[in-house]
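# Could you work out the structure for the sequence below:
(one chain, ligands or ions: 1)
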Amino acid sequence: MSQISQIKCPVCGQWGQWTGKIDEKCEHCASLLDPERFLYVQESRINEENKKKNDYFLVKDSDETIVQLFKIFLNPVRWGAFYGGAFVFIIVAIMLVVFGMFI
Ligand SMILES: [Zn+2]
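Numbering: from 1, shown residues only. So this is what the prediction gives:
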């Protein structure tokens, strides 16, 4: 079973091999065979990174799972803090106390 199929180059109109990779290039003119999909994937990757950077708590791969879950849960809470900061701060403080009792 092979994934290779034929695709017509959008730039030069020649037929070439197509393995389904997003950065697949035409073997005749070296232009991207699927530029729209390529751009879309690039864009959504950048958007995803920006979104993560803008989150109050940056979820890092190096964090332990429980810490990541904690941050993911707290992120929307922290965004709400723009409108009710002190309230959220108290909630976090209470949570820390509660967690502190169990650890
Ligand atoms: Zn081409």
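# C-alpha from now on. contacts and neighbour counts both.
OK.
# Helix or strand: which one has the residue nearest the centre of the chain?
Against the mean C-alpha coordinate of the chain, by CA atoms, centre = their mean, the closest residue is residue 48 at 3.5 Å. Per DSSP states H and E, residue 48 falls inside helix 35-54.
# Is any residue of that helix near the ion?
No: interface with the ion: helix 35-54 contributes nothing (CA under 5 Å from the ion), its closest point being 11.9 Å away.
# residue contacts, residue 7?
15, 16, 17, 18, 33 (CA atoms under 8 Å, 6 or more residues apart in numbering).
# how about 10 Å then?
By CA atoms under 10 Å, 6 or more residues apart in numbering, the residues touching residue 7 are 13, 14, 15, 16, 17, 18, 19, 20, 26, 33, 34.
# Then residue 33?
Here residue 33 is in contact with 7-11, 16-18, 20-27 (CA under 10 Å, 6+ apart).
# Could you do residue 4 as well?
With contact set as CA under 10 Å, 6+ apart, residue 4 has these partners: 16, 17, 18, 19, 20.
# Which of those residues fall in helices?
Using DSSP state H, no member of the contacts of residue 4 sits in helices.
# Would you mind checking which of those residues is nearest to residue 69?
Checking those against residue 69 by CA to CA gives residue 20 as the nearest, at 34.6 Å.
# in terms of contact, does that closest one touch residue 32 like I think?
No: with contact defined as CA atoms under 10 Å, residue 20 does not count as touching residue 32 (11.8 Å).
# of the two, who's got more company?
More neighbours surround residue 32 than the other of residue 20 and residue 32, with 18 against 14 (other CA atoms under 10 Å).
# Cheers, nothing more for now.
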